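In: Give me a model of this one.
(one chain, ligands or ions: 1)
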Amino acid sequence: MTAIQIDRVSRWFGNVVAVNDITMTIGPGVTGLLGPNGAGKSTLINMMAGFLPPSSGSVTLDGAPIWRNEQVYKAIGLVPEREAMYDFLTGKDFVIANAELHGLGAAAAQKALATVEMEYAQDRKISTYSKGMRQRVKMASALVHEPSVLLLDEPFNGMDPRQRMHLMDLLRQMGAEGRTVLFSSHILEEVEQLAAHIEVIVAGRHAASGDFRKIRRLMTDRPHRYLVRSSDDRALAAALIADASTAGIELDWTEKALRIQAIDFTRFTELLPRVAREHGIRLYTVQPSDESLESVFSYLVAA
Ligand SMILES: Nc1ncnc2c1ncn2[C@@H]1O[C@H](COP(=O)(O)OP(=O)(O)OP(=O)(O)O)[C@@H](O)[C@H]1O
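Out: Model (predicted):
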């Protein structure tokens, strides 16, 4: 079994804390690393790939430290987010160059290109490739040495639906083969479709962990607090409190607004505009009133 163990890991850049005391284990199969932009996903992935040392804590693969451990690098493949590639090379030359870095030859490159079904375009220059084709060639490069761990940073960004499905199939297959596959994304639906297990990070912290049902439930069932201003706050409050999705409403005199606590996110977001319309009330402001996980979660659901 191949597992990456992240133990009390923090990483800071100057005074920016990108990853804050995270502990998690990534085992075989497909895991989704979910979090909004800037949550620390790339930083965490770079530490798992051995590109970056943690500022504190440890990142190990089956007990062996990953940073500066060449033996361990052989077991890991990384598909980075960045687009910069050698556009003047053909796909095949690019993958061969990567194979050579691992002390391997053209045969390994050819096998990896076949795995991602890119043989048909391997002799074309990368500059002529679509986004999905580039992604697949990057993936072939990460696979040349047949790593047991595959890490992908936002692999679906900018892909069209067909390319996305194709990559999903490929990753599913790798997970089914028993590899440890981890990919990051800021879109819940994307992660749900693919990952049996999801780890959520928000603002550098580990926010939740579980299968997609559990994560979705966490995101939608939590109480959400909103600050609402309207043309008739009293009438709006009276109409909303009658519905079970609203747990509490108070009039905030200093803010001249309603503070609403909703317990059923989906129902409440449907209820609010409907009730306002039915009572002829105009909504001026509807905003999450805290920057806690709840509001970030609701953002993720809406993304
Ligand atoms: N080399 C660096 N120097 C300074 N700050 C950095 C560096 N790398 C990351 N950060 C900061 O750390 C935080 C986390 O960034 P990171 O790229 O890991 O997040 P992310 O979840 O991958 O987001 P995105 O999807 O937008 O890349 C951000 O505030 C970012 O600005």
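In: Check which element follows the one helix or strand residue 134 maps to along the chain.
Out: According to DSSP states H and E, residue 134 maps onto helix 131-143. Using DSSP H and E, the helix or strand that follows helix 131-143 in sequence is strand 149-152.
In: That next one and the ligand in contact?
Out: No - against the ligand, strand 149-152 shows no contacts by Cβ under 6 Å from any ligand atom, the least distance being 12.2 Å. (Glycine included, C-beta is placed from N, CA and C.)
In: list the buried ones in the helix holding residue 134?
Out: Neighbour counts over helix 131-143 (16 or more other Cβ atoms under 10 Å) mark 132-143 as buried.
In: Just the buried positions in stretch 117-124, please.
Out: Quick answer for stretch 117-124 (16+ other Cβ under 10 Å): 118, 121-122.
In: out of those, which are inside helices?
Out: Using DSSP state H, no member of those falls within helices.
In: can you put the buried residues of helix 131-143 in a markdown table and add distance to residue 73?
Out: Formatted as a markdown table, these follow (distance: Cβ to Cβ, whole Å):
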| residue | distance to residue 73 |
| --- | --- |
| 132 | 27 |
| 133 | 26 |
| 134 | 23 |
| 135 | 22 |
| 136 | 22 |
| 137 | 20 |
| 138 | 17 |
| 139 | 17 |
| 140 | 18 |
| 141 | 14 |
| 142 | 12 |
| 143 | 14 |
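In: can you list the residues that contact the helix holding residue 134?
Out: Here helix 131-143 makes contact (Cβ atoms under 8 Å, 6 or more residues apart in numbering) with 77-80, 83, 85, 91, 94-95, 98, 109, 112-113, 115-118, 121, 126, 129, 150, 152, 155, 158-160, 162-164, 166-167, 170.
In: Just the buried subset of the residues you listed, please.
Out: Of these, these count as buried by 16+ other Cβ under 10 Å: 77-80, 85, 91, 94-95, 98, 109, 112-113, 115-116, 118, 121, 126, 129, 150, 152, 155, 159, 163-164, 166-167, 170.
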